[in-house]
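Asks: my questions concern the predicted model and sequence given below.
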Amino acid sequence: MLRASSHLPPIASPAFCALRLSFIPTLNFSSPAGTHESSISSPLRGLLSKTHLPNSSYLPTPPSSKLVGPPMSARTRPRGPGLSASFSSYSSSGSPGGGREILVQHLLVKEDDQKLLLELQQKVSAGEDLSDLAVEYSICPSKEEGGMLGWVRKGQMVPEFEEAAFGAPMNKVVRCKTKFGWHLLQVLSEREESVLLDIQPEELQVKMQDPKFVEEAQLIDVREPEEVALASLPGFQVLPLRQFGNWGPEITTKLDSDKDTYVMCHHGMRSLQVAKWLQTQGFKRVYNLSGGIHAYAVKADPSVPTY
């Protein structure tokens, strides 16, 4: 699906937006060091997982029109996880999907275009790849990424599409009809849901007293170097959000997705964005420091400077 690129996708069509019922996170690069962090961009209700890796120098426009996210080739079957994070819930433990996520690609044709639908089904039966057909024929903007919708769980998509996707045999192309038209869809893989939780400053402070925690956990500070110079915590690796284009593509080689990963920023907003993105990269347990290092200094450790 997701082609490694420094540009962002075009505005999604109504059909593309409405398939997904939950929120998709965006990465916001515009919080300047030393200022109060802006809140997470306004919820993007109904957007499917269609994202690109941003250039490190790119400052995204408001997320109502564009998304930022991880790289994946549109024509290559994914070797690792794609998108999964739901803005509406930090923890996946209470979701209705029973802990299961599926990786889905599809194509969409108009409801009255059944002749084309039949032709495309015949092409699939003859061995043509659904992603190639999506690029050529789909009316969904995901066509630019081979029809890839990313990782989804139950409760995130319109009922008709969800029922078909979660009932489909692995790798078999099936069809379903929604109010947007006819879909041919294919489930490429499945996995257990990842977990994204808040951790309170006091709880993290207790954990920081254990040398094993600092050695074994993965601690990430996504603030800018000039911010880190003002206040920092031991053991945190600095991966500035504005330099995402440098470290993002290598994150799965830099870090172990099976380890507990803790993310921190100034007030907890940038770190939440990165934490959600880490989920999309297959990190199983990600923790966002609630309130950021500012709350940590105020609530847990007064020796840490505030700024």
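Replies: Cool, the structure landed.
Asks: what's across from V174 in the sheet?
Replies: L185 (DSSP bridges).
Asks: I'd guessed it sits against F166; true?
Replies: No. Using Cβ atoms under 8 Å, V174 is not in contact with F166; the gap is 11.0 Å. All C-beta atoms are positioned from the backbone trio N, CA, C, and that covers glycine.
Asks: who touches both of those two?
Replies: With contacts defined as Cβ atoms under 8 Å, 6 or more residues apart in numbering, no residue is shared by V174 and F166.
Asks: how about the strands in the stretch 101-250 of the chain?
Replies: Using DSSP state E, counting those that start in this stretch, the strands of the stretch 101-250 of the chain run over residues 148-153, 173-178, 181-192, 195-199, 218-221, 237-238.
Asks: can I get the ones you listed in CSV including mean pLDDT, distance to G268 and mean neighbour count?
Replies: Converted to CSV, these look like this (pLDDT from 0 to 100; distance: least, Cβ to Cβ, whole Å; neighbours: other Cβ atoms under 10 Å):
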stretch, mean pLDDT, distance to G268, mean neighbour count
strand 148-153, 87, 24, 27
strand 173-178, 97, 37, 18
strand 181-192, 93, 26, 19
strand 195-199, 92, 8, 17
strand 218-221, 98, 12, 23
strand 237-238, 98, 17, 14
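Asks: of all those strands, which lies closest to L108?
Replies: Nearest of these to L108, taken as Cβ to Cβ: strand 181-192 at 5.3 Å.
Asks: quick check: phi and psi at F180.
Replies: Main-chain torsions, F180, degrees, to the nearest 10: phi -90, psi -10.
Asks: all numbers from here: first residue = 9
Replies: Shifting the count to begin at 9 puts that one at F188.
Asks: give me the number of residues near it?
Replies: Neighbour count of F188, defined by other Cβ atoms under 10 Å: 22.
Asks: my guess is it contacts H114, does it?
Replies: No. Taking contacts as Cβ under 8 Å, F188 lies outside contact range of H114: 10.8 Å.
Asks: quick one, domains of the chain?
Replies: Listed by the TED database, the domain ranges of the chain are 108-200, 203-308.
Asks: and those domains: which comes nearest L27?
Replies: Among those, domain 108-200 comes nearest to L27, with 5.6 Å by Cβ to Cβ.
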